[in-house]
Each structure stands twice: as structure tokens, then as C-alpha cells.
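Enquirer: Give the three-dimensional model of this entry:
(one chain, ligands or ions: 1)
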Amino acid sequence: MKREEFIEKLFEIGAVKFGKFTLKSGKVSPFYFDLRDMISYPELLDGIVELLVEKIRGLEFDVLTGIPYTALPIASLVADRIKKPLIYMRKEEKAYGTGNNVIGKYQPGAVCLVIDDLITTGESKIETAERLEAEGVKVKDMVVVIDRSNNGNEILGRSGYDLHSLITLDEILAILTKGKYIDDAMALKVKDFTNGLAEDKTEIKAENLNPLTIKLQETMKRKQSNLILSLDVTNQKDFFEILDKTAFEIVMLKTHADILEDYDQSFVPKLKEYARKYDFHIFEDRKFADIGNTVRMQYRSGIYKIAEWAEFVTVHLVAGAAILDGLFGGIEGRSSFLLARMSSKDNLINEAYTRKVLEAGRKNPEVVSGFIGHGKDKTDIQRFKAKFPAGMMLLMPGVKLESGTDNLGQQYLTVEEAIAGGADCIIVGRGIIKSEDQGATAKIYRERAWKAYIYRIN
Ligand code: 5BU
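Expert: Next up is the predicted model:
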């Protein structure tokens, strides 16, 4: 089947529609694509399989899959035509890594071609690939029937996948206007609409970034440091002794004030004086996680009165993004890092949770400077970072000079892995604190981290 004919047929069966459609987001779109009914048109199905087989010729893969529901019957027809094994993921998510999420047989490490009907944001494609990868299947190439975004390649490319699309939105518009199925005014409307969506996605404009984010980035440049020391000790004497040796090297000091056994009213003024003198920021890793009203009191009252002295705090979004209002409502000059992923073994954060945290950050740049996150290796971190709202930072704990684990489930990446993957700052605790010469070790961390950072951003 010719491409023109194929596109016209899609229009005729109503798989490609123009008019007014209210989307999930509430926006009104001038066009709507829905390929679900295609399976009921054998001739069209035949055409699409033929075009897909042609498109994937030359790609290397061991098995193939279609993303349920729409693309699964299409993928099974393609599998039959090229005589390659088919597998598929359950649509409903079982726990990760149980081995029961993939249906069909494959060798561990098998390379899988992913077929889907449409691409818009690429999220469902990336999610499928990540779920397949969690089950020991490798994904490199993905094929879609329609690239509705016109830049699917770029979106998936950032996450390390190659996208092949049969037809793009522009091509559909060109063919349908040529055949007089739609007029130029409609084509223009559709283009305007998709360009508008693209702009929405360009996300946070520099002027909306939290001023503290900008300040932190300026201090990084001024001190040539992206090292955050996590000063986890239980008394003030050790605390300030270590700080004396390391303050020159760090851009920010991360505290857990509640582990100090001798915390008293002298602590904060002294800490602030160090921060001023040595030019670093203060970051209390409080991990707020309760309802809005409670976190507000935990942040502003009690013994620690964190809001008075910590420029940044960490927040778990398990209670919902509304706790950001509880924390920061009516307060100026404070910001947070949201926990998007954790470094501890078997933690319960999954992809869907991470995605929602990133989305919450995108919507609240005035009180969110970025995210805390980790990954299993450089590629994994790159994929995670690719989803960040523009301008937001990734701070990464679980970092040492050598990779490894501790005996309580902490997992370490090396400085270079962390930063090459996309960490903007590294958070180091015991790697420095437990070393013999804390000052010299902090210097090594700073130099290695800064070198890797400069290399990455250039
Ligand atoms: P370490 O000594 O370098 O392992 O200390 C790491 C610090 O970062 C420690 O204070 C943790 O509470 C903190 N941390 C972490 O290790 N992993 C995480 O996912 C998060 C915080 Br969130």
C-alpha cells in the first residue's frame, strides 16, 4: 500500500480526525488520532504491516513487542510476517523484577524491538522500555505508526533510544490538504496547536527559576565546587572540627540537625557564621513527609525552627504536592529538593512515582530547586535526568571515590559515574568524614567532581 493511500484510509475510517476535541488536560485540540479501530479493517491492517516490515528491515533485534492495547495485535501480525518471536508486557503493573511482567519466551539479554501506534511525549514508550529492561530485556529501537509530535526522535534520543516513525504529523497534513480532505486553515490550526504544546513543554523559563537555585549555581562557579558535604556526626565538636577542615571545598553543607546530641541555641548562629565566612549554602536534609499542616509546624517551630536557618530542605512527596504549600506558604527565600529516587537498596520508589515528583517540581519552580536522585549506572541516570524540567538540578547522594555498598543497604556510585550521568552536585558523607585526612579527601572529591562537571557541561 502506498503511503498516500494509507493516510487517506486512516482519515476515511476516522482514525485521524479534525475538529474540536477536549483532551485529558482540558485543552481543546483541533485534531485527534485513534488507531484502535484499525484492526477491524483487514485491508488497512495489511497495509500497515507491510509498511512496518519495510521500515524495520535492517534493524537488529531478537524479539518484538507491541504496547497494549492498540499496538499489540499489529505487532503480532508483524512478528508472524517476519517470523520473529513476540513478547509483551502486562498492562497492569506487577511488582518490579518478579519475572512475571513479560509474557512470552526470551533469552536474558535479548534485544527487543518496541512497536507502538503513536508518539506524543514519549513517556509510555520510555516506561515500557524501562519495565522491559527491569526484566532483563534490552531495548534499542522503537517504531511508531504516527509521530504526532514531529520530534519523537529527539525525545527518545535523549533517553538513548532510536525512534523510527512511519509517518509524521506534517506528512499527514500535507497529504490530506493535497487531497482536499482538509483545508489549509485547518492544517495551520493543527500546526499552531502542536507548536503551542511544544512551548508548554519547554517548561520553566529562567525568570521563573527559584532565585536560590540561581544563587547556588553562582556559588558553584565562584567556588569551583559542586561538592555537598553531608556532615552526619552526633556532636558539635566533631561537627565544627570537620567543617574547619572542609569548608573551603564545599558549595553546600547538608545537615541532619536531629542527630546532634548536644544541639543547642549556639549551633545555628555558629553555623551561619561559617556559611558566611566560607561561602557555602545550608541544606537541612529533613525529608518532610507529613500532611501540610504538620510539616508547616515541623519546619517552622519545635526545637530546630529549620525555616529560620536552612536555605534548602528535602521533601518526600508521598503525602502529595500540596505539602509544598504547607511548607513554603507565606515564606520567602527558601527552596527545596524533592526526593525523586533514593540510593538505598530495595527502596519502594518506582518509575510512576518518580515521574509524578518531577511533574510536581515542574509546576512549583518557585519553591523547588531540583531533585535528589540516584541510579544504577551512568545510562540509568542519563535517562532519569533527561526527564527533568529545564533548569532543575540533580543532587546525588550515594557517591564515593570507588563504587560499592555499606552494610545497611546504601549503594555507591563513583564521582565520575554520578556526574557524567547528570548529577549537578554530589552529596558525600562517610567518604569524607571517615577518611583519615578529611580536608585532603574533601579536596580530592571536589577536584574530581568539578572536573567531571566541567567536562560534561562543555
Ligand atoms: P553517605 O555517608 O555518603 O552514605 O551519606 C549520604 C547522605 O545522604 C546521608 O546523610 C543520607 O541521609 C543522605 N541520603 C542518601 O544517602 N540517599 C538518599 O537517597 C537520600 C539521602 Br534522599
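
Enquirer: from here on, contacts and neighbour counts on C-alpha atoms
Expert: Noted.

Enquirer: low-confidence ranges in this structure?
Expert: Within the chain, the segments meeting pLDDT under 70 span 25, 93-99, 150, 197-207.

Enquirer: and the lengthiest helix in it, is it in reach of the ligand?
Expert: Counting residues, the longest helix found in the chain (DSSP state H) is helix 438-457. No: against the ligand, helix 438-457 shows no contacts by Cα under 6 Å from any ligand atom, the least distance being 11.7 Å.

Enquirer: Equivalent analysis for stretch 416-430, please.
Expert: Yes: interface with the ligand: stretch 416-430 contributes Val428, Gly429, Arg430 (Cα under 6 Å from any ligand atom).

Enquirer: Put together TSV for those, with secondary structure on each row.
Expert: Listed next are the residues of stretch 416-430 next to the ligand as TSV, based on DSSP: H, G, I helix; E, B strand; the rest coil:
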residue	secondary structure
Val428	strand
Gly429	coil
Arg430	helix
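
Enquirer: Which of the residues you listed ranks first by neighbour count?
Expert: Val428 (25 neighbours; other Cα atoms under 10 Å).

Enquirer: Enumerate every residue touching it.
Expert: Val428 sits next to Leu227, Ile228, Leu229, Ser230, Pro397, Gly398, Val399, Lys400 when contact means Cα atoms under 8 Å, 6 or more residues apart in numbering.

Enquirer: please redo it, this time with the cut-off set to 6 Å
Expert: The neighbours of Val428, taking Cα atoms under 6 Å, 6 or more residues apart in numbering as the test, are Leu229, Ser230.

Enquirer: and Ala70, how many neighbours?
Expert: Check again: residue 70 is Thr, not Ala. By other Cα under 10 Å, neighbour count at Thr70 equals 19.

Enquirer: and the nearest residue to it once chain neighbours are set aside, how many neighbours does it have?
Expert: Closest residue to Thr70 apart from its sequence neighbours, by Cα to Cα, 6 or more residues apart in numbering: Arg36 at 5.1 Å. By other Cα under 10 Å, the residues close to Arg36 number 13.

Enquirer: ok, now the one 3 residues further on?
Expert: When counting by other Cα under 10 Å, one arrives at 15 neighbours for Ile39.

Enquirer: which SS state does the closest residue to it other than its chain neighbours fall under?
Expert: By the measure of Cα to Cα, 6+ apart, the closest residue to Ile39 outside its immediate chain neighbours is Leu45, 6.2 Å from it. With three-state DSSP as the basis, Leu45 sits in helix.

Enquirer: again, but for Ile282
Expert: Look at Ile282: counting by three-state DSSP, its state is strand.

Enquirer: do the same with Gly19
Expert: At Gly19 the chain is in strand, as set by three-state DSSP.

Enquirer: residues touching it, list them.
Expert: Gly19 touches Pro30, Phe31, counting by Cα under 6 Å, 6+ apart.

Enquirer: do that again at 8 Å, thanks
Expert: Here Gly19 is in contact with Ser29, Pro30, Phe31 (criterion: Cα under 8 Å, 6+ apart).

Enquirer: Now, those residues that are in strands?
Expert: Ser29, Pro30, Phe31 (DSSP state E).

Enquirer: In a markdown table, list those residues along with neighbour count.
Expert: Shown next, in a markdown table, are the ones in strands among the contacts of Gly19 (neighbours: other Cα atoms under 10 Å):
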| residue | neighbour count |
| --- | --- |
| Ser29 | 16 |
| Pro30 | 19 |
| Phe31 | 18 |
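
Enquirer: Could I get these in TSV, plus columns for distance to Phe328?
Expert: Output for the ones in strands among the contacts of Gly19, formatted as TSV (distance: Cα to Cα, whole Å):
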residue	distance to Phe328
Ser29	35
Pro30	39
Phe31	40
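
Enquirer: in the stretch 251-400 of the chain, what residue is nearest the ligand?
Expert: Nearest residue of the stretch 251-400 of the chain to the ligand (Cα to the nearest ligand atom) works out as Met342 at 3.3 Å.

Enquirer: hang on, the earlier thing: tell me which residues touch the residue nearest to Thr70, please.
Expert: Ala15, Tyr69, Thr70.

Enquirer: same question, Ile13
Expert: Ile13 sits in contact with Met38, where contact means Cα under 8 Å, 6+ apart.

Enquirer: ok, 10 Å please
Expert: Neighbour list for Ile13: Leu35, Asp37, Met38, Ser40, Tyr41, Leu44 [criterion: Cα atoms under 10 Å, 6 or more residues apart in numbering].

Enquirer: same thing with Ser369?
Expert: The neighbourhood of Ser369, defined by Cα under 10 Å, 6+ apart, consists of 209-214, 216, 312, 334-338, 361-362, 391-395.

Enquirer: rewinding a little: was I right about the residue nearest to Ile39 contacting Ala71?
Expert: No: using Cα atoms under 10 Å, Leu45 is not in contact with Ala71; the gap is 11.3 Å.

Enquirer: More neighbours: the two, which one.
Expert: Using other Cα under 10 Å, the more surrounded residue of Leu45 and Ala71 is Ala71, with 21 against 17.

Enquirer: my read: that one touches Leu118, true?
Expert: Yes: in this structure, Ala71 is within contact of Leu118 by Cα under 10 Å, at 9.0 Å.

Enquirer: overlap in contacts of the two?
Expert: Jointly contacting Ala71 and Leu118 under the rule Cα under 10 Å, 6+ apart are Leu35, Val144, Val145.

Enquirer: coming back round to it: so which of the contacts of Ile13 comes closest to the ligand?
Expert: The ligand lies nearest to Leu35 out of the contacts of Ile13, by Cα to the nearest ligand atom, at 41.2 Å.

Enquirer: now that closest one, nearest residue through space, not along the chain?
Expert: Spatial nearest neighbour of Leu35, excluding adjacent residues (Cα to Cα, 6+ apart): Ala15 at 5.2 Å.

Enquirer: burial count for the one you found?
Expert: Neighbours of Ala15 (other Cα under 10 Å): 16.

Enquirer: Domain boundaries for the chain, per the record?
Expert: Domain ranges of the chain: 3-199, 206-457, per automatic domain parsing.

Enquirer: Now Leu113. Its backbone dihedrals?
Expert: With angles defined as degrees, to the nearest 10, Leu113 sits at phi -90, psi 130.

Enquirer: ok, now which ones touch it?
Expert: Going by Cα under 10 Å, 6+ apart, Leu113 touches 56, 59-66, 75, 86-87, 129, 138-143.

Enquirer: who does it bridge with?
Expert: Leu64 (DSSP bridges).

Enquirer: doesn't Ile67 make contact with Leu132?
Expert: No: contact between Leu132 and Ile67 fails when scored by Cα under 10 Å: they sit 11.2 Å apart.
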